[in-house]
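In: got a structure for you, letters missing:
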Ligand SMILES: Nc1ncnc2c1ncn2[C@@H]1O[C@H](COP(=O)(O)OP(=O)(O)OP(=O)(O)O)[C@@H](O)[C@H]1O
Ligand SMILES: [Mg+2]
């Protein structure tokens with residue numbers, strides 16, 4: 001069985017990439033063959049796995065989406081056993097424009113993944129902070145979407161738009177798309193604000209909210225500058241423990 005999980009929220013800086021990289025790495029540590037796909041031109045998930053932009057320039061997600069390279073040519077191993085990566089590059093920013101007039105432009109990632117996803121138990125897609133064609137491609141091929149919500153002011157602002165996009169994709173492009181769960185990120189139990197946001201999210205999403213909340217942890221913010229997922233950078237940190245616990249929930253939900 002292979003599950004494709006898109007990590008999406010058009011709001012910037014809510015912890016999408018941190019979650020995509022670390023959830024994927026934790027699933028791999030649990031010996032689940034896992035593919036991490038970087039769908040963001042910012043390429044933060046790529047550099048967060050220690051892969052420099054110069055190395056991926058000739059073969060990355062951009063080339064695969066536009067059909068210039070096969071999926072096999074853009075998948076690469078990482079220094080974590082069981083974890084593979086499809087890297088991104090800033091040139092992906094042009095793909096949305098180039099894809100606009102293509103036939104089945106929303107299904108490019110789905111087509112690319114068709115031949116390779118069965119090699120992996122999990123495919124985790126890091127989406128950009130927009131609801132444009134790149135995110136639509138991710139939601140069209142995904143079995144489910146994981147929505148990170150930062151426990152800050154305006155956390156819920158824009159969520160209606162994301163849920164509406166999910167409904168439109170379900171209606172027109174991917175009827176089986178589900179919400180995998182909602183993840184509270186940068187949670188600080190000492191702050192009233194964090195607790196209020198958590199309560200609001202729980203009253204809206206009920207049991208769709210993961211039991212694991214990701215606390216603010218400086219080690220999680222440091223790890224990308226060393227090109228390492230948290231399980232390599234500091235396995236004993238609270239951040240590593242939280243993402244292992246999230247991976248446990250994902251594994252048990254199937
Ligand atoms: N739990 C955490 N504790 C401390 N810092 C965090 C945590 N989660 C994320 N960060 C930091 O917050 C910033 C934003 O996180 P991240 O890049 O994961 O968000 P994003 O949603 O992918 O952003 P974008 O929308 O730009 O793609 C980063 O600097 C990251 O290191
Ligand atoms: Mg990101």
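Out: On my side now, so go ahead. Keep in mind that this is a model prediction, so the values were computed, not measured. Ligands and ions are numbered 1, 2, ... in the order given.
In: apart from its chain neighbours, what residue comes closest to the residue in the stretch 51-200 of the chain that ligand 2 sits nearest to?
Out: Nearest residue of the stretch 51-200 of the chain to ligand 2 (Cβ to the ion) works out as residue 126 at 6.0 Å. No exception for glycine: its C-beta is placed from N, CA and C like everyone else's. Computed as Cβ to Cβ, 6 or more residues apart in numbering, the closest residue to residue 126 that is not its neighbour in sequence is residue 20, at 3.6 Å.
In: residue contacts, residue 130?
Out: Taking Cβ atoms under 8 Å, 6 or more residues apart in numbering, we find residue 130 in contact with residue 10.
In: what pLDDT does it get?
Out: With respect to pLDDT, residue 130 scores 96.
In: output the contacting helices and strands for the host helix or strand of residue 96.
Out: Per DSSP states H and E, residue 96 falls inside helix 95-99. Helix 95-99 sits against helix 61-65, helix 133-141, with contacts defined as 3 or more Cβ pairs under 8 Å, 6 or more residues apart in numbering; DSSP states H and E.
In: now the following helix or strand past the shortest one, how far from the centre of its chain.
Out: From helix 61-65 onward toward the C-terminus, using DSSP H and E, the following helix or strand is helix 71-74. Relative to the centre of its chain, helix 71-74 is centred 19 Å away, using Cα atoms, centre = their mean, to the nearest Å.
In: got the buried residues for helix 71-74?
Out: The neighbour-count check on helix 71-74 (16 or more other Cβ atoms under 10 Å) flags 71, 74 as buried.
In: residue 157: what secondary structure?
Out: Following DSSP: H, G, I helix; E, B strand; the rest coil, we place residue 157 in the coil state.
In: return the residues in contact with it.
Out: By Cβ under 8 Å, 6+ apart, residue 157 lies in contact with residue 11.
In: that one and residue 197, how far apart?
Out: Here the criterion is Cβ to Cβ, to the nearest Å. By it, residue 157 lies 11 Å from residue 197.
In: can I get the helices and strands packed on helix 95-99 in CSV with mean pLDDT, distance to ligand 1 and mean neighbour count?
Out: Below are the helices and strands packed on helix 95-99 laid out as CSV (pLDDT from 0 to 100; distance: least, Cβ to the nearest ligand atom, whole Å; neighbours: other Cβ atoms under 10 Å):
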stretch, mean pLDDT, distance to ligand 1, mean neighbour count
helix 61-65, 97, 15, 25
helix 133-141, 98, 11, 24
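In: could you dump those helices into a markdown table and include distance to ligand 2?
Out: Output for these, formatted as a markdown table (distance: least, Cβ to the ion, whole Å):
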| stretch | distance to ligand 2 |
| --- | --- |
| helix 61-65 | 14 |
| helix 133-141 | 12 |
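In: can I get those in CSV with distance to residue 6?
Out: Formatted as CSV, the helices and strands packed on helix 95-99 follow (distance: least, Cβ to Cβ, whole Å):
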stretch, distance to residue 6
helix 61-65, 14
helix 133-141, 4
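In: and residue 8, which of those is closest to it?
Out: Checking the helices and strands packed on helix 95-99 against residue 8 by Cβ to Cβ gives helix 133-141 as the closest, at 5.8 Å.
In: report the distance from that closest one to the chain centre.
Out: Distance, centroid of helix 133-141 to centroid of chain: 12 Å (Cα atoms, centre = their mean).
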